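Novice: got a predicted structure plus its sequence, pasted below:
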Amino acid sequence: MEPTSVVHSPGFAHHGVAWSPFYDNRIAIAASANYGLIGNGRLQIVSLVRTYSWLHSFETQDALFDLSWSEIHENQLVTAGGDGSIRLWDITLSEHPIRVWREHTREVYGVHWSNVNKGIFCSASWDGTVRIWTPERMHSMQAIPAHQTCIYQACFSPHEADVLASCSTDGSVRIFDLRAPSNLPHPAPAVSIQAHSGEVLSLDWNKWQPYTLATGSVDRLIRVWDTRMVKSRDNNTGAICIKELGGHEYAVRKVQWGNFAPDLLASASYDMSCRIWTIATPPGMPSLKAIYDKHTEFVVGCAWSLNDPAVLASCSWDCRTHVWRALM
């Protein structure tokens, strides 16, 4: 299994990759000098027509850990910064962002644009809060104290506009319904899952099955959850683990469901591999479909193509993003 394109930016470890929802062959990469520990960040926009070519590159004074394309404007996207900032960029304009928000007090590690309510996006920070934003406002619309520890990722449900989930260093996943009663300052979690014994680094909603969520953890496991509320033994709301996927040798840094099939899941790991799984196998049968091991450092991000159901992009601390055919 060989990459069809390799995007290399020496000196800048790649932290996140995202496909444009408007252009089939355009990706954006969030990158950082010195693995994000200290130094500059870089946002890179790449065209993958025939071979790859740089379209735009934007420098920042601190690391960039994540990014998300706008769902309403073809040339705009947001980035998550190590200095606690969120930046909105227009790739047709100058080298400066068109808006900067600085409400978070620690690193912003995740951003996600809703593809149901396309006018909003959320951010997840190590300050323990998830915030809801719209490009038209100078301040956040809502701040949710989702966890008492660092939050790695938050993402909106692709099925319900007011539902989002977050994951944290405390090993939990919390699901919020933003339609909280008006007398409450912020929504309480509708479902709280003690998902793993270690930090939960990533989560993703299944695009086809409304109540299905996948999580990846430092315990090297991927778990798939049915998030419909059930009563657990201690009378707390929870969820049912319907599949556990083991095989990675180190922490699972990223999970992402396929866009064209309900059973396919991709994962990226500190073991320097990406893996493709299916949850459709009967109990006792192997779920692993493919292993991609062409990176030479931690693989920290992966994203399925929005146009070709077999193509995946993976990004790594080896300063490279690979685009490869995950399914033959």
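Specialist: Structure received.

Novice: any stretches of the chain with poor pLDDT?
Specialist: 51, 181-185, 229-238 (pLDDT under 70).

Novice: in the stretch 101-250 of the chain, which spans are strands?
Specialist: With DSSP state E, counting those that start in this stretch, the ranges of strands along the stretch 101-250 of the chain come out as 108-113, 121-125, 130-133, 142-144, 151-156, 163-168, 172-177, 189-194, 200-205, 212-217, 221-231, 237-246.

Novice: okay, these, which one's buried deepest?
Specialist: strand 121-125 (a mean of 28; mean count of other CB atoms under 10 Å). Just so you know, the C-beta spots here come from the backbone N, C-alpha and C atoms, and that holds for glycine as well.

Novice: quick check, distance from it to the centre of its chain.
Specialist: Relative to the chain's own centre, strand 121-125 is displaced by 10 Å; criterion: CA atoms, centre = their mean, to the nearest Å.

Novice: ok, stretch 2-15 next?
Specialist: That offset, for stretch 2-15, works out to 18 Å (CA atoms, centre = their mean).

Novice: kindly report the same for stretch 65-76.
Specialist: On CA atoms, centre = their mean, the centre of stretch 65-76 falls 13 Å from that of its chain.

Novice: buried residues in that stretch?
Specialist: Residues of stretch 65-76 classed as buried: 65, 66, 67, 68, 69, 70, 71, 75, 76 (neighbour count, 16 or more other CB atoms under 10 Å).

Novice: pick the one among those residues closest to residue 250.
Specialist: The nearest member of these to residue 250, counting by CB to CB, is residue 65 at 18.9 Å.

Novice: residue 256: which of the strands of the stretch 101-250 of the chain is closest?
Specialist: Evaluated with CB to CB, those place strand 200-205 nearest to residue 256, the distance being 5.1 Å.

Novice: sorry, back to before: hmm, which two among the buried residues of stretch 65-76 are most spread apart?
Specialist: Pairwise over the buried residues of stretch 65-76, using CB to CB, the maximum falls at 65 and 75, 21.9 Å.

Novice: residue 116 and residue 284, how far apart?
Specialist: Using CB to CB, to the nearest Å, we find residue 116 at a distance of 37 Å from residue 284.

Novice: looking at those two, which is more packed in?
Specialist: Applying other CB atoms under 10 Å to residue 116 and residue 284 shows that residue 116 carries more neighbours, namely 14 against 5.

Novice: and the nearest residue to residue 228 once chain neighbours are set aside, what does it touch?
Specialist: Once flanking residues are discounted, residue 228 sits nearest to residue 211: 4.9 Å by CB to CB, 6 or more residues apart in numbering. Neighbouring residues of residue 211 by CB atoms under 8 Å, 6 or more residues apart in numbering: 226, 227, 228.

Novice: ok, now residue 14?
Specialist: Residue 14 sits next to 29, 30, 31, 300, 301, 315, 316, 317, 318, 319, 320, 321 when contact means CB under 8 Å, 6+ apart.

Novice: mind checking which helix or strand it is in?
Specialist: Assessed by DSSP states H and E, residue 14 sits inside strand 12-19.
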